[in-house]
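**Q** Coordinates for the following, if possible.
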Amino acid sequence: MKTKLIALLCMLMTVSFCIAQITNTNTEIKLQQSIGNGEGRPKPSSLMEEPRAFLTQLGLSVSMPENREAVVSVLHQTSGTVVYQQAYFHTQSVTVDLGGMPVGTYQLRIEIDGTVYTGTFRL
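**A** Got it, this is the predicted structure:
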């Protein structure tokens, strides 16, 4: 009886692990950093964390390292059209709804204190 219960428990754990792997479809967008040439802008500290971006089932999720001003833009690469652009003040998390966007390759652009982070993703 114990053997059957242990086998059943192992099987349930395996199934739940497989389901968790299937439903976790967050894809991280790799961001590259470039520093703007604006005069009077502070050079970012090497200790400053970088933003992170994920493509989720709900849309595009962006995490800012600190409460700073940031401009988040999404550009459709084929047409060159800016499909989303918004300035955020003192926020650490942004979710962009990508519902209804055509299939294609997009560029994410995040500007924080003169430092620009870019990454591409496909819908």
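**Q** show me where this protein has helices.
**A** Counting by DSSP state H, the chain has helices at residues 2-23.
**Q** Taking the centroid of it, which residue is nearest it?
**A** Centroid-nearest residue in the chain: Ala53, 1.7 Å away (criterion: C-alpha atoms, centre = their mean).
**Q** Excluding residues flanking it in the chain, which one is nearest that residue?
**A** With sequence-adjacent residues excluded and distances taken as C-beta to C-beta, 6 or more residues apart in numbering, Ala53 is closest to Ile29, at 4.2 Å. For every residue, glycine as well, the C-beta is placed using N, CA and C.
**Q** got the contact list for that neighbour?
**A** Ile29 makes contact with 53-55, 60, 108, 119-121 under the criterion C-beta atoms under 8 Å, 6 or more residues apart in numbering.
**Q** Give the buried subset of the residues you listed as a ChimeraX selection command.
**A** Restricted to buried positions by 16 or more other C-beta atoms under 10 Å, the ChimeraX selection for these reads:
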select :53,54,55,60,108,119,121
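**Q** taking the contacts of Ile29 one by one, which sit in strands?
**A** 53-55, 60, 108, 119-121 (DSSP state E).
**Q** Mind picking the two most distant members of those residues?
**A** Longest distance between any two of those is 13.9 Å, between Phe54 and Thr120; criterion C-beta to C-beta.
**Q** how close does Gly80 get to Ile6?
**A** When distance is defined by C-beta to C-beta, to the nearest Å, Gly80 is 60 Å away from Ile6.
**Q** Same check on Arg52?
**A** Using C-beta to C-beta, Arg52 is found at 40 Å from Ile6.
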